[in-house]
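1. Sequence first, then the predicted structure, then my questions.
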Amino acid sequence: MKRVFSILAIAALIVGFSSCDSDEFLEPTLAQDKSIETSIKSQEDIEGILRGAYNRMSHNTYYGRDYIIFNEVRADNVFSNGNSGRFVTAAAMTIGEADAYTTDTWTKMYEVIASANIIIAQDAAAMEGDAEAIKHAQGQAYIIRAMVHFDLLRLYGQQHVTGGNNVGIPYVKEYKGDNLKPSRNTVAEVQQFIYDDLDQAMALMNTDYDPSTKEFLSKISAEALRSRVALYFGDWTIARDASLAVINSGLFSIMPAASFAASFAAKNSANVIFEIANRPTDNVGINGLSYIYRGTSYGDIQVIDEFANIFDATDVRLTDVMGVVSGALRNNAKYPTNANYDYNIPLLRYEEVILNYAEALWRISAGDANALTQLNLITANRGAVAHASISEDIILLERRRELAFEGFRFHDLARTGRAIPVISIRQTHGGPAYGDFKYAFPIPISELNANSNIQQNVGH
């Protein structure tokens, strides 16, 4: 039998409900499964569904591992050594339409969107509880919906594929809507919908309702995400203004060199804007980021030896983040322990916003001295030599150093129209040129079978 349409997860979407009677209210991973067909009547119900959405984002097929690794192993920071056979096809950029990697990630991401859509569709004024708190939760749902669609576009969209005709992904705005077989939106449509959702979030959210923990999205998170989105699309003025909004908030600071590596083992760090929660209740064990980067039983994702050559000798991102383990260069500090619940997964860091700001300033005016000043705020806090000048190459170099192992490198290469560099014989993708069909994952065969209005990506 064909699978029920997976984008809308119509068959049996389960959403998270849990009690608000204690500190569990601020626990994004504690949830009991309950069918969506149950009536949603209160603030408690909405916040339960919201926690369920956050929990899905932490799954190993999404931010808990796979999405981050996809965007590292397809570039020039790491490679798959095949120790347990994981990420071999992703590293070679030979993933097929029936590959579990592409199917599971696609499905999980649209499940998150479905949860967000349930929240967005509710009438806050008609529900029990604090209407402003419900609106704040809905604002978070809008940010989540924008973030996940953006991630889907970057993974499955054909904006970097020759002959792909800028075909994006379906932007789903309703749970169980009238259109059960949506076509793929254009890249431009997806771009605008993302901005629209972030605008809606800003309109709904009130900073008085921002939680103390960074495991939930705050209002300023919308601007941090907007700066990332705008940078990707080359909307430099939007990227500049959104970055500046985060900077001017005064809520965050760059982590200094002495604390940088250790900060990845902490929670609610001063440089984190939003992070995914990891808890013992949802510990993924060997399927987490730490095990795939260096676990003794897995450890498939190994750092390319030549990658170390891009750092200054005193740079803590070399000396403290990476290390040689059993003769192999490893990421040792980011996602630091095999007890995965000991750390959270930062998704929005202040340092990224500073880098976004520096690039936006330079793109708008190559002579803007503040662009170099902003870029060197990062080197000054990493024990690295300050840059004497600024260019696209230097910007990408500093982003590569700072954001390594966090899932940025492939997107930075793609958005700047670059081929994938080959710096080691350990890379198995062969360095495809920009425009190659491999820049986009295939649409899963299960989705093609269920939705007659969706077409496969070019080349797959």
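-> Nice, thanks for sending it over. Numbers count the residues shown, from 1 in each chain.
2. Name the nearest residue to the residue nearest the centre of the chain, ignoring sequence neighbours.
-> Centroid-nearest residue in the chain: Leu347, 5.8 Å away (criterion: C-alpha atoms, centre = their mean). The shortest distance from Leu347 to any non-neighbouring residue, by C-beta to C-beta, 6 or more residues apart in numbering, is to Phe274 (5.3 Å). (Glycine included, C-beta is placed from N, CA and C.)
3. Pretty sure that neighbour sits against Tyr350.
-> No. Using C-beta atoms under 8 Å, Phe274 is not in contact with Tyr350, being 10.7 Å away.
4. got the residue ranges for the strands in the stretch 201-350 of the chain?
-> 272-276, 301-303, 322-325, 328-331, 345-349 (DSSP state E, counting those that start in this stretch).
5. what packs against the fourth one?
-> Which is strand 328-331. helix 289-294, strand 301-303, strand 322-325 (3 or more C-beta pairs under 8 Å, 6 or more residues apart in numbering; DSSP states H and E).
6. could I get those as CSV with mean pLDDT?
-> Shown next, in CSV, are the helices and strands packed on strand 328-331 (pLDDT from 0 to 100):
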stretch, mean pLDDT
helix 289-294, 94
strand 301-303, 97
strand 322-325, 94
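7. Out of the ones you listed, which is closest to Leu198?
-> helix 289-294 (26.9 Å; C-beta to C-beta).
8. packing partners for the closest one?
-> Using 3+ C-beta pairs under 8 Å, 6+ apart, helix 289-294 is in contact with helix 66-73, strand 328-331.
9. out of these, deepest packed?
-> For those, the largest average neighbour count (mean count of other C-beta atoms under 10 Å) is found in helix 66-73, namely a mean of 24.
10. quick one: buried residues of the lengthiest helix in the chain?
-> If you go by DSSP state H, the chain has its longest helix at helix 131-156. Within helix 131-156, the residues that count as buried by 16 or more other C-beta atoms under 10 Å are 133-156.
11. Any idea how many residues pack against Gly164?
-> By the measure other C-beta atoms under 10 Å, the count of residues near Gly164 is 19.
12. now that we're looking at Gln122, which residues does it contact?
-> 40, 46, 134, 138 (C-beta atoms under 8 Å, 6 or more residues apart in numbering).
13. Gly82 and Thr105: what is the separation?
-> 20 Å (C-beta to C-beta, to the nearest Å).
14. Also Leu225?
-> 19 Å.
15. ditto for Val284
-> For Val284 relative to Thr105 (C-beta to C-beta), the value is 15 Å.
16. Would you mind telling me which of these two has more residues around it?
-> Thr105 (25 against 18).
17. How about that one, nearest residue that isn't a chain neighbour?
-> Thr61 (5.0 Å).
18. What of Glu132?
-> Asn206 (5.8 Å).
19. Count the neighbours of that neighbour for me.
-> 12.
20. Asn179 now?
-> 12.
21. can you map out the helices along the stretch 151-300 of the chain?
-> All helices of the stretch 151-300 of the chain, identified by DSSP state H, counting those that start in this stretch, fall at 187-204, 219-233, 236-248, 257-263, 289-294.
22. roughly how far out does stretch 142-151 sit from the chain middle?
-> Centroid separation between stretch 142-151 and its chain, computed with C-alpha atoms, centre = their mean, to the nearest Å, is 9 Å.
23. Give me the contacts around it.
-> 53-54, 57, 67, 109-110, 112-113, 115-117, 120, 169, 171, 173, 190, 193-194, 197-198, 200-201, 204, 217, 221-222, 225, 228-229, 232, 347.
24. make it 6 Å
-> 53, 109, 112-113, 116, 171, 194, 197-198, 200-201, 217, 221-222, 225, 229 (C-beta atoms under 6 Å, 6 or more residues apart in numbering).
25. Could you export the contacts of Gln122 to CSV, including columns for distance to Asp436 and pLDDT?
-> CSV is the format used below for the contacts of Gln122 (distance: C-beta to C-beta, whole Å; pLDDT from 0 to 100):
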residue, distance to Asp436, pLDDT
Ile40, 45, 92
Ile46, 44, 96
Ile134, 46, 98
Gln138, 40, 98
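26. for the residues you listed, which one is nearest Asp320?
-> Gln138 (40.6 Å).
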